[in-house]
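>>> Quick one, structure for this:
(2 chains)
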Protein chains: 2
Amino acid sequence: MKKAQRKIELYDTTLRDGAQREGISLTLEDKLKIVKRLDDFGIDYIEAGWPGSNPKDEKFFEQAKDLKLNFAKLVAFGSTRRANTPAENDKNVISLLNANTSTITIFGKSWDLHVKEALKTTLDENLNMVSDTISYLNSKGKSVFFDAEHFFDGFKNNKEYALAVLKRAKDAKAKRIVLADTNGGTLPDEVREIIREVKSYLGKNVALGIHCHNDSELAVANSIAAVQEGVLQVQGTINGFGERAGNANLCSLIPILQLKMNIPLFDEEKLKALTPLSRFIDEIANITPNDHQPFVGKSVFAHKGGIHVSAVLANPKTYEHIDPELIGNKRRVVISELSGTSNIIFKAKEMGIDLSKNRPETRKILSIIKELENQGYQFEAAEASFEILLWKGLCTRDELFDLIYWKTTVEYNERLKEIYAEAVIKLIVEGKISHSVGDGNGPVNAMDKALRSALSNHFPSLEKIHLSDYRVRVLGGSSGTGAGVRVLIDHTDSEETWTTLGVSSNIIEASYIALVDGIEYGLRKERIRKDLKEISKKLQ
Amino acid sequence: MKKAQRKIELYDTTLRDGAQREGISLTLEDKLKIVKRLDDFGIDYIEAGWPGSNPKDEKFFEQAKDLKLNFAKLVAFGSTRRANTPAENDKNVISLLNANTSTITIFGKSWDLHVKEALKTTLDENLNMVSDTISYLNSKGKSVFFDAEHFFDGFKNNKEYALAVLKRAKDAKAKRIVLADTNGGTLPDEVREIIREVKSYLGKNVALGIHCHNDSELAVANSIAAVQEGVLQVQGTINGFGERAGNANLCSLIPILQLKMNIPLFDEEKLKALTPLSRFIDEIANITPNDHQPFVGKSVFAHKGGIHVSAVLANPKTYEHIDPELIGNKRRVVISELSGTSNIIFKAKEMGIDLSKNRPETRKILSIIKELENQGYQFEAAEASFEILLWKGLCTRDELFDLIYWKTTVEYNERLKEIYAEAVIKLIVEGKISHSVGDGNGPVNAMDKALRSALSNHFPSLEKIHLSDYRVRVLGGSSGTGAGVRVLIDHTDSEETWTTLGVSSNIIEASYIALVDGIEYGLRKERIRKDLKEISKKLQ
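Residues are numbered from 1 along each chain as shown, chains lettered A, B, ... in the order given. Take a look at the predicted model:
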């Protein structure tokens, strides 16, 4: 959807306010990946950091200069100038300019209590801080959004002052005036009434934004109320990430706006990217997805056996508020332990393999998968392992190599202050014994090197394949270091990236399994796909 | 608070609708425990099961007869009689009577689509099913609540019919008429308008209830809207448990009603039991608590940013929408990379150490922390490591032991199909060399055993300390297995649980660091606290 067609602007702050969530820590590479994905999806503004607050964000904006965005505008975030300091001399304002974005959001105080207790300055000086900073940034050719922090609390405490702050921002020509419920304590009817008063004070044509926090579980409702009162810009984060209880959840707001309030935002195909986007952000942030998250969670279009299921099969509308496909989610029928199987059948069908027929081959595969799922395997995020599994189960194949033995060692010597990790592997490849060793900064890294050294003479194309990501999840924490571990590994070549997994009570073994599958897939993917295509015809 | 003083009734369905959440399975004993706890807390009605649907619920009501409840009334839930079957012969209705509760909630269809597609009967017969069932149960001396399933969808589809269903329930003398947003797709302003129409149709004095689902992340907002329109009974579940995206969350609704809408429900002391109740239900249901759950989550009164912290210290109202103590939650200050020094200073202050003074000792500690944070340390979830760090930096101490060497080995033999993990450690403790070995199902498990074996003779109390949780996070995925790793370890003794962390590019080393800190903290925590208390006086 073209920007001009949108009546509501989407402003994402996953990378700034969202990253404040306790437990999240994003690297610079993570942030760049997320920006690209949000741009692809079709967010209007991406608030990507607060350059004045930490060197990591400053570095981010330096690197972000080279990003080519198709749709979104990158936004730097920061505060108004400090009290009694000219804007042009203010360190924070300078670093905002250095971030080199066309749009800058500055936040300022609109609650008199905060001016006195947090800023410790006068009400008048705060007004000057707001207008000076906006005017100065405007003079530098920036498009300036003003975020009125704590606006709703401020309005309730001292209406005249809160409105005076907005008036200054408007007069200084802020492009958007964003009303923030920073502490998340405001109720929807208060939001509604206060916005009405703001509009009657500032004039109907002022371009307002809304920024809600979820401390009262009302961030989505408050944002909707604001849109109904004519706000132009909606701010939020993917999956509702944010400090404390989080920010307004764009994964809920977007489908509500488009599907329930009939405000067109995305083309049909783009909207289907919502659920994958939600999972992608969880993955990068290493947050376990909330299966019960409205709209995009794994369980939210799940139907338990019995009355529901037969009704939903006859007419999905009976038990579904929207069609899950519209946002890229899926209907699931939960028939106790059989649920995994039906997912697998569905997944295989996507690859052209019909496992639903009752044949010896398919029965065998299903029972293998069931056993693996019991161990903690989950193939949703590891399609390459799933393809290899189908291939091994359904096609005739030769082993890439025969393993004899492997060993990893990590040792640390306090006198030398030296840590050393080494792996040894012995295997038979193309009829010959290959016995190799590798070292690295950890046992898995060493194992990767030993394995490559053992195989590289026989498979020269291995050179093009390399490991690009490694993730660990501990399954069920209760048994401590004795708990199972799930390892996901991404490999990449010049053309594509694929994911494999391994599960074991031993992290090295889990890593080995994922590593070998990843290498085998990389070396043989053309053949695997061809074989699977052929077998799919036979199975029909 | 006495029942008569309440203007709003609280109706909990954690045990019925809540237990439908995917992954929850409650035993009979679990259910009895939960009923007692909800009664202690002061819920008016506890919907505890659907005796017609499964034998487990029938057994529950049989046993529940002996429960002595002080405040709450137990409610059995079930459907209206089947089509063309007299109520007195209907199996479901009979099992409702057998449940032997004074109050019964029956649900019936109010959406014509459901009558046709799910019940497959006529609109007229459905009306009779509603009134017959209510009248029959009334004739048996029961207090009957009518749950109008899918009412809002029904109203939007065929208003006359949906209202006719309610009218039948009213005429048959249902004590409450509960409007259900069963699919969770309704927006707050629709809820508001539809309730207005219902009231004008049924008369202002009808006692209405509201039952919302969270599929659009609006269950709390919709319930509030209903209360504002004069609904008497609010239905929901603890922690918002329920099918799909869950039900209206009583842990959010209760504080909103009492603290923000000034509807008195609980005495001050009782309200403080809300957070413990939320944790208790998670515990029984074996659900990992959501730290970001509004009001009751562990992170929702946590303060991270530097500016926030200094302001919240001056006046908590600046960054807290309510006082967390009112609902039994706590303020926390979190240490993080974004924090600046004021968080660390505050955290230390909680431990009695004033780092704010510009002294050589405090400057040293702050620079160490900054350096560690650059490496990927995050002390927010690892308070024990933080305490040890302060202790090491500020107090004179002897080492628990001097490390010489450690080594872990993991080997796999394909012929034997056997994996073997072993750790060796050599250290000096109390002047003597101790050289030990341990094995386990992974290298960290083996290391834990070797370390214990090396230390146990010297520290007999080590026996009481054990590792209870182990978590790994890879820092920055881009460099694959060469990336840094953050390990968090929980240890526990009979009294408390503490968390330590280690960061390294090598997972074994990161684990070793966290392991040793955890053991040292467990063995020396009394001394550490005493030393820190003493030094705190000196630093003042």
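>>> Assumed A:Leu26 was part of a helix.
No - looking at A:Leu26 with DSSP: H, G, I helix; E, B strand; the rest coil, it is coil, so not inside a helix.
>>> Next, count neighbours for it.
Around A:Leu26 sit 21 other residues, with neighbours defined as other C-beta atoms under 10 Å in any protein chain shown. Every C-beta, even on glycine, is put in place using the N, C-alpha and C of the backbone.
>>> mind listing what it touches?
With contacts defined as C-beta atoms under 8 Å, 6 or more residues apart in numbering or on different chains, A:Leu26 is in contact with A:15, A:19, A:34, A:284-285.
>>> Now A:Lys109, what are its backbone angles?
phi -80, psi 140 (degrees, to the nearest 10).
>>> can I assume it is in contact with A:Glu125?
No - contact between A:Lys109 and A:Glu125 fails when scored by C-beta atoms under 8 Å: they sit 10.6 Å apart.
>>> Same drill for those two, tell me which one is more crowded.
For the pair A:Lys109 and A:Glu125, the greater number of neighbours falls to A:Lys109 (27 against 15), based on other C-beta under 10 Å.
>>> Give me the pLDDT for the more buried one.
Predicted confidence (pLDDT) at A:Lys109: the value is 97.
>>> Can you give the strand pairings for the helix or strand A:Arg486 falls within, parallel or anti for each?
Secondary structure assignment for A:Arg486, by DSSP states H and E: strand A:484-492. When pairing is defined by DSSP bridges, strand A:484-492 lines up against strand A:466-475 (antiparallel), strand A:497-504 (antiparallel).
>>> Which strands or helices does the longest helix along chain A pack on?
Longest helix in chain A by number of residues (criterion: DSSP state H): helix A:507-539. In terms of contacts (3 or more C-beta pairs under 8 Å, 6 or more residues apart in numbering or on different chains; DSSP states H and E), helix A:507-539 is packed against helix A:383-394, helix A:443-455, strand A:466-475, strand A:484-492, strand A:497-504, strand B:402-413, helix B:443-455.
>>> Let me have the ones you listed in TSV, extended by distance to A:Thr101, mean neighbour count and mean pLDDT.
Converted to TSV, the helices and strands packed on helix A:507-539 look like this (distance: least, C-beta to C-beta, whole Å; neighbours: other C-beta atoms under 10 Å in any protein chain shown; pLDDT from 0 to 100):
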stretch	distance to A:Thr101	mean neighbour count	mean pLDDT
helix A:383-394	37	21	88
helix A:443-455	37	24	94
strand A:466-475	28	19	79
strand A:484-492	30	22	86
strand A:497-504	29	22	89
strand B:402-413	48	20	95
helix B:443-455	44	24	94
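>>> what would those look like in CSV with distance to B:Met351?
CSV is the format used below for the helices and strands packed on helix A:507-539 (distance: least, C-beta to C-beta, whole Å):
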stretch, distance to B:Met351
helix A:383-394, 47
helix A:443-455, 36
strand A:466-475, 29
strand A:484-492, 34
strand A:497-504, 40
strand B:402-413, 27
helix B:443-455, 26
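>>> Of all those, which one comes closest to B:Lys7?
Nearest to B:Lys7, of all the helices and strands packed on helix A:507-539, is strand A:466-475, at 47.4 Å by C-beta to C-beta.
>>> tell me how far the ends of stretch A:78-86 are from each other?
Length of stretch A:78-86, first residue to last, C-alpha to C-alpha, to the nearest Å: 16 Å.
>>> so who does A:Lys91 touch?
Each residue near A:Lys91 by C-beta under 8 Å, 6+ apart is listed here: A:Gly52.
>>> Sorry, slip of the keys, the one I care about is A:Ile106.
When contacts are counted by C-beta under 8 Å, 6+ apart, A:Ile106 touches A:77-80, A:96, A:133-134, A:137, A:144-147.
>>> Pull the most distant pair out of the residues you listed.
Spatial extent of the contacts of A:Ile106 (C-beta to C-beta) is set by the pair A:Phe77 and A:Ile134 at 14.1 Å.
>>> returning to what we had before: tell me which of the helices and strands packed on helix A:507-539 sits nearest to A:Glu229.
Of all the helices and strands packed on helix A:507-539, strand A:466-475 sits nearest to A:Glu229, with 43.1 Å by C-beta to C-beta.
>>> contacts for that closest one?
Here strand A:466-475 makes contact (C-beta under 8 Å, 6+ apart) with A:283, A:286, A:288, A:376, A:444, A:448, A:483-493, A:497, A:503, A:507, A:511, A:515, A:518, B:470-474, B:477-478, B:480-481, B:483, B:485, B:507.
>>> from the middle of its chain, how far away would the longest helix of chain A be?
How far helix A:507-539 lies from its chain's middle: 27 Å, per C-alpha atoms, centre = their mean, to the nearest Å.
>>> buried set for that helix?
Using 16 or more other C-beta atoms under 10 Å in any protein chain shown as the test for burial, helix A:507-539 gives A:507-525, A:528, A:531-532, A:535-536, A:539.
>>> can you check stretch A:139-152 too?
Residues A:142-152 are the ones in stretch A:139-152 that count as buried (16+ other C-beta under 10 Å).
>>> repeat for stretch A:32-45
Buried residues in stretch A:32-45, counted by 16+ other C-beta under 10 Å: A:32-39, A:41-45.
>>> Do you have the strands of the stretch 301-450 of chain A handy? List them.
Assigned by DSSP state E, counting those that start in this stretch, the strands in the stretch 301-450 of chain A fall at A:302-304, A:332-334, A:402-413, A:418-429, A:432-440.
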